[in-house]
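Chemist: okay, sequence plus prediction incoming.
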Amino acid sequence: MHLKTSSSHHTDPLRVNQVKIEFTSKEITSLGGLSIIARFLEEIGFKEWVEESFPVEEASPNGKGKYPEVLSLFLTALSGGNRFTHLLMWGYGREAIKKVFGEEWLPRAVSTLTRFFGKIKSQRQAELWREKAKLFVLKFLEWEGIEEDEVGFDSSVKTLYGEQEGAKKGYNPRKPGRPSHHPLFCFLRESCYGIDIWNRSGDTHSGQGIVEFGRESLSMLESRIRVRRVVCDTGFYRSDWVRTLEEGGYRYIIGVPHYWVLQEKVMEIKDWREVEKGIEVGEFRFQHKAEGWDKERRYVAVRRDKRRHPKSGGKQLSLFPEFEEWEGWRVSVYVTNEDSPAEEIWRRYRPRAEQENRIKEIKHDFGLDGFNLDGFWATESVMVLLVLVCYTIINFLRRRVFCRHGKKERLRTLRMKWFIIPGQLGRRGRDEILRLAVRSRKVREKLRWMFREIGRLREKPNCNAFGFG
């Protein structure tokens, strides 16, 4: 193979096949679709809310305010970043982004962001910020007119690779032996809003702190919506949490670990009822002998034939593996204070898988796993920003604008469909214009509809107080 060489002057046009390559000094961004987000943030007065709410003080006389740093982290997540260093991902076209979001300055250096969020050094600062963020979420529930919902609690593992505060070895199924944080989450199960989040050190148990966290989350919600029921997985099967829910008058369904004494009770069930081919339900009443379990409670068991349902949840009974009649069956058990038929208890618990998908979206699409700082409370402040602020904005737009009449798409899908649209910044007379590179007439009309719909949100029922100003 011979490479073609030329003795021509280096200013001769570059060429690829039949296409000449030239350069332009015009401001172009690959993320022109983020102008939809900019329109919404302008509409709700997001900048003013951030400046008022984020609990750090700008000491420098040359300070640019709090909003540019908060916005930059949001933009990094929206553009697909999951590290502070990914601030550089949307660096090309920065001038266009600045114009669209109405900012004269946005940080260029990663250290600018880490220093800014690192100013959250105390629990008091972190709690002040979390309280402001929770009120932010409640405002969106008011705008949507959500009057009732189910509440789900969950936990997750956030693997760490440094010497951050709170980085401890504990339960970490994907990276055994690695230090981690172990955050707690509270979500609305149907409307998908994140309601609260606590960061915890990696050596905590899934249910540790759930009583205090749950009381705080549920009491906040009580002033705005009716909680139909509380749903949790097996990590929250604790006597103090069950009693707390009962004393508060909440209905609950909680997954139960396969303790041997409960396996024995499952084996004693005689009245199994088939609800689908290969799926049967039964129930029993039981009181633990351990301290704190003060009375009998209702337990619902579900067994699935893994030959018919190979991807089914649950576990095989390990206490009596020699029993042929249980070979091939996977079993799940739930404790509840509801009196609905057992099959209804099972069906109401099943959507909990969607809650796990929501956490996956926050961890992978919003970068929750990767935006880490040395300080424990600084890391929690970033988690609060991502889960209670950024996720809330995207969830609202997903429900009311992006996916209003169809399947609710994840952020990574919204990014590919609507955010990654090349845009060129130019002028027409006195007006600055961002020209979006969209050839499809259908896509152009959908984008125009989105901008108009955001402008009409004030006219919707329950949105007469739209905005934070």
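Modeler: Happy to help now that I have it. Residues are numbered from 1 along each chain as shown.
Chemist: Val384: helix or strand, and which one exactly?
Modeler: Using DSSP states H and E, Val384 sits in helix 376-384.
Chemist: got the CA positions of that helix in PDB?
Modeler: Only the C-alpha atoms of helix 376-384 are listed here, as PDB (Å, rounded to 0.1, in the frame of the first residue of the first chain):
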ATOM      1  CA  PHE A 376     -18.800  13.200  53.700                       C
ATOM      2  CA  TRP A 377     -21.200  16.000  53.900                       C
ATOM      3  CA  ALA A 378     -20.000  17.600  50.600                       C
ATOM      4  CA  THR A 379     -20.600  14.200  48.900                       C
ATOM      5  CA  GLU A 380     -24.100  14.100  50.400                       C
ATOM      6  CA  SER A 381     -24.800  17.700  49.100                       C
ATOM      7  CA  VAL A 382     -24.000  16.500  45.600                       C
ATOM      8  CA  MET A 383     -26.200  13.500  46.000                       C
ATOM      9  CA  VAL A 384     -29.100  15.700  47.200                       C
END
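Chemist: what's in contact with it?
Modeler: Residues from elsewhere that reach helix 376-384 (Cβ atoms under 8 Å, 6 or more residues apart in numbering): 73, 117-123, 125-126, 129-130, 133, 164-166, 181, 183, 197-199, 201, 368, 371-373. C-betas here are computed from N, CA, C, even on glycine.
Chemist: recalculate using a threshold of 7 Å.
Modeler: For helix 376-384, the surrounding residues in contact (Cβ atoms under 7 Å, 6 or more residues apart in numbering) are 117-118, 120-123, 125-126, 129-130, 133, 164-166, 183, 197, 199, 368, 371-373.
Chemist: could you do stretch 24-37 as well?
Modeler: In contact with stretch 24-37 (Cβ under 7 Å, 6+ apart) are residues 75, 78-79, 90, 93, 95-97, 100, 418-426, 434, 436, 450-451.
Chemist: just the residues you listed: which are in strands?
Modeler: Gly423, Gln424, Leu425, Gly426, Leu434, Leu436 (DSSP state E).
Chemist: residues touching the last one, list them.
Modeler: Residues in contact with Leu436 (Cβ under 7 Å, 6+ apart) are Gly32, Ile421, Gly423.
Chemist: for it, give its distance to Gly32.
Modeler: 5 Å (Cβ to Cβ, to the nearest Å).
Chemist: again with the first one
Modeler: Noted for Gly423: a distance of 2 Å to Gly32, by Cβ to Cβ.
Chemist: what sits in contact with each of the two?
Modeler: Jointly contacting Gly423 and Gly32 under the rule Cβ under 7 Å, 6+ apart are Leu434, Leu436.
Chemist: picking that back up, generate a ChimeraX selection restricted to the buried subset of the contacts of helix 376-384.
Modeler: Per 16 or more other Cβ atoms under 10 Å, the buried members of the contacts of helix 376-384 correspond to this ChimeraX selection:
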select :117,118,120,125,126,129,130,133,164,166,183,197,199,368,371,372,373
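Chemist: please narrow the contacts of helix 376-384 to those residing in helices.
Modeler: Residues from the contacts of helix 376-384 lying in helices, with DSSP state H as the criterion: Phe117, Gln123, Gln125, Ala126, Trp129, Arg130, Ala133.
Chemist: in JSON lines: the residues you listed, plus pLDDT and distance to Arg308.
Modeler: Putting the ones in helices among the contacts of helix 376-384 into JSON lines (pLDDT from 0 to 100; distance: Cβ to Cβ, whole Å) gives the following:
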{"residue": "Phe117", "pLDDT": "96", "distance to Arg308": "50"}
{"residue": "Gln123", "pLDDT": "95", "distance to Arg308": "51"}
{"residue": "Gln125", "pLDDT": "96", "distance to Arg308": "54"}
{"residue": "Ala126", "pLDDT": "96", "distance to Arg308": "49"}
{"residue": "Trp129", "pLDDT": "97", "distance to Arg308": "49"}
{"residue": "Arg130", "pLDDT": "97", "distance to Arg308": "46"}
{"residue": "Ala133", "pLDDT": "97", "distance to Arg308": "45"}
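Chemist: list the residues that contact the residue nearest to the spatial centre of the chain.
Modeler: Nearest to the geometric centre of the chain sits Ile362, at 3.4 Å (Cα atoms, centre = their mean). By Cβ under 7 Å, 6+ apart, Ile362 lies in contact with Leu368, Leu386, Val387, Tyr391.
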